[in-house]
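K.L.:
The following block contains a protein sequence and its predicted model.
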Amino acid sequence: MASYLADNQTRFLDELMDWLRIPSVSADPKFHADVLRAADYLKTRLEEAGVQNVEICPTAGNPIVYGEYLVAGPGAKTVLVYGHYDVQPADPYELWNSPPFEPVIKDEKIYARGACDDKGQVYMHVKAFEMMMLDGQGGVPCNIKFMFEGEEEIGSNNLEIFVKANKEKLKADVILISDTGILANDVPSIEVGLRGLSYHEVTVTGPNRDLHSGLYGGAVQNPINALCEMIASLHDANGHITIPGFYDNVDELSADERAEMAKAPFSEEEFKKSIGLPDSYGEKGYSSMERTSIRPTLDVNGIWGGYTGEGAKTVIASQAHAKISMRLVPHQTSDEITAKFQKHFESIAPQGVTVEVRPHHGGEPVVTPTNSVAYRAAADAMETTFGKRPVPTRGGGSIPIVAMFKSELGLDTVLLGFGLDSDAIHSPNEHFGVFNFLKGIETIPHFYRNYAAAQ
């Protein structure tokens, strides 16, 4: 297996680079044709690797690429591999050191939008499967089904519909996802928890048109000022979120559980240095590691209104807008938090403006078991390839479909990711280490063999 990977790693990287050149941005309709091209590219590569029955399944939005490889024999275990081929918008383009859809390898890192999230990690699975088929080391030991969607970055709007309509096709024993990361290249880890999500767009409206700030300033409520005041009031001086009832159902970890979490390698100084900040910030009484994993958050993801072009234009804007998201922890639910946020935000509007809250997508927090056969198979696989036992960690991000897979298919998920926090996903200069890409290809076949052999 090692020799096959060594002999073919240049080709594997070249193929990934070709895929990264396709700007499969799901959030912007102008890239729709490119999203479809990315799906076609993935279908072709799966077929070339030896996957059977590969098809592009239409949805009301972007298609799902599905394929399978079913081994003979009763009682064979089945793994359903999930990932996504759509990517985040690359804006602002001017902050990239190289064009986001012209991938380059520099300092042993692949720079491109989607390099880590999630094309690079999806492609590990394609090449790991090819390697099992062709390296002469025993073939594919269990049934594998692949399901890759094109709408993860916009909320997976059509995936649940597809899953509900295809439960027999998707029947499996466990879900395998590589859309997460490890603590460091010399500290392997497996995420065993993810936060949920509640995402909104808000609009504050004042006068019926933009007004001259000299003629009207001081006599009318400024929607931008009002929005800023409203947003500022959502946290108190201790970093707590002020929405009534927000913490009612938060799962509070015990002192022993927090102490166990603290054993994972983490440097506060390195954390601050990596993002260029003089100090960290967050909810009082919690460490940075806890704030980004076991605690809920509220953040403004975008804010705009009025004149933002070159030079000056002295206006009071008619409207101001913001996008606001909340990360949730067990046992919060997206419906509960969405309702509480909407009620509270509308209630704090000052006189002279009206407020509209438009909920977007949400997702539920999850904790995955660490005592399952599948988790042990993944941990053993990482121990084989990294030379040390992986650390179980809680992730700060959200993969809303993990909870959906549990509710609709009854399946737990193993989050076998290989990215790093420093990979700048969703940011300019996103990258994925060549080491990480190849290590994923090396590790995944060990997972299948461990899982197939486990009793």
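P.N.:
Now that the structure is in, tell me what you want to look at. Numbering: from 1, shown residues only.
K.L.:
So what are the structural domains in the chain, by residue number?
P.N.:
2-194+365-453, 196-250+296-363 (automatic domain parsing).
K.L.:
So for Lys263, which of these sits nearest?
P.N.:
Counting by C-beta to C-beta, Lys263 lies closest to domain 2-194+365-453 out of these; the figure is 8.0 Å. For the C-beta atoms, the positions are set from N, CA and C on the backbone; glycine is no exception.
K.L.:
Just the mean pLDDT for the closest one, thanks.
P.N.:
Per-region confidence: domain 2-194+365-453 scores 96 on mean pLDDT.
K.L.:
And it, end to end?
P.N.:
Distance between the two ends of domain 2-194+365-453: 21 Å, counting by C-alpha to C-alpha, to the nearest Å.
K.L.:
now the strands for the stretch 151-300 of the chain?
P.N.:
Assigned strands in the stretch 151-300 of the chain, in chain order: 174-177, 189-194, 196-205, 211-212, 297-305 (criterion: DSSP state E, counting those that start in this stretch).
K.L.:
Between these, which one is closest to Gln342.
P.N.:
Nearest of those to Gln342, taken as C-beta to C-beta: strand 196-205 at 7.4 Å.
K.L.:
Rebuild the strands of the stretch 151-300 of the chain as CSV, extending it with mean neighbour count and distance to Ile154.
P.N.:
Shown next, in CSV, are the strands of the stretch 151-300 of the chain (neighbours: other C-beta atoms under 10 Å; distance: least, C-beta to C-beta, whole Å):
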stretch, mean neighbour count, distance to Ile154
strand 174-177, 24, 18
strand 189-194, 23, 18
strand 196-205, 22, 10
strand 211-212, 15, 35
strand 297-305, 15, 14
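K.L.:
Including distance to Val54, could those go into JSON lines?
P.N.:
Listed next are the strands of the stretch 151-300 of the chain as JSON lines, based on distance: least, C-beta to C-beta, whole Å:
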{"stretch": "strand 174-177", "distance to Val54": "18"}
{"stretch": "strand 189-194", "distance to Val54": "29"}
{"stretch": "strand 196-205", "distance to Val54": "31"}
{"stretch": "strand 211-212", "distance to Val54": "58"}
{"stretch": "strand 297-305", "distance to Val54": "36"}
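K.L.:
for the ones you listed, which one sits closest to Phe162?
P.N.:
Shortest distance between Phe162 and the strands of the stretch 151-300 of the chain, using C-beta to C-beta, is found for strand 174-177: 14.4 Å.
K.L.:
who does the closest one pair up with?
P.N.:
Strand pairing for strand 174-177, using DSSP bridges, gives strand 78-84 (parallel), strand 413-415 (parallel).
K.L.:
Most tightly packed of the ones you listed?
P.N.:
Mean neighbour counts were compared across these using mean count of other C-beta atoms under 10 Å; the top stretch is strand 413-415, at a mean of 25.
K.L.:
what's the helix or strand following it in contact with?
P.N.:
Per DSSP states H and E, the first helix or strand lying C-terminal to strand 413-415 is strand 431-433. With contacts defined as C-beta atoms under 8 Å, 6 or more residues apart in numbering, strand 431-433 is touched by 108-112, 115-116, 120-121, 185, 419-420, 423-424.
K.L.:
Then stretch 226-233?
P.N.:
For stretch 226-233, the surrounding residues in contact (C-beta under 8 Å, 6+ apart) are 202, 204, 206, 242, 300, 303, 305, 320-322, 324, 345, 348-350, 352-353, 355.
K.L.:
What separation is there between Asp34 and Gly276?
P.N.:
32 Å (C-beta to C-beta, to the nearest Å).
K.L.:
When the two are compared, which one has more neighbours?
P.N.:
Asp34 (19 against 6; other C-beta atoms under 10 Å).
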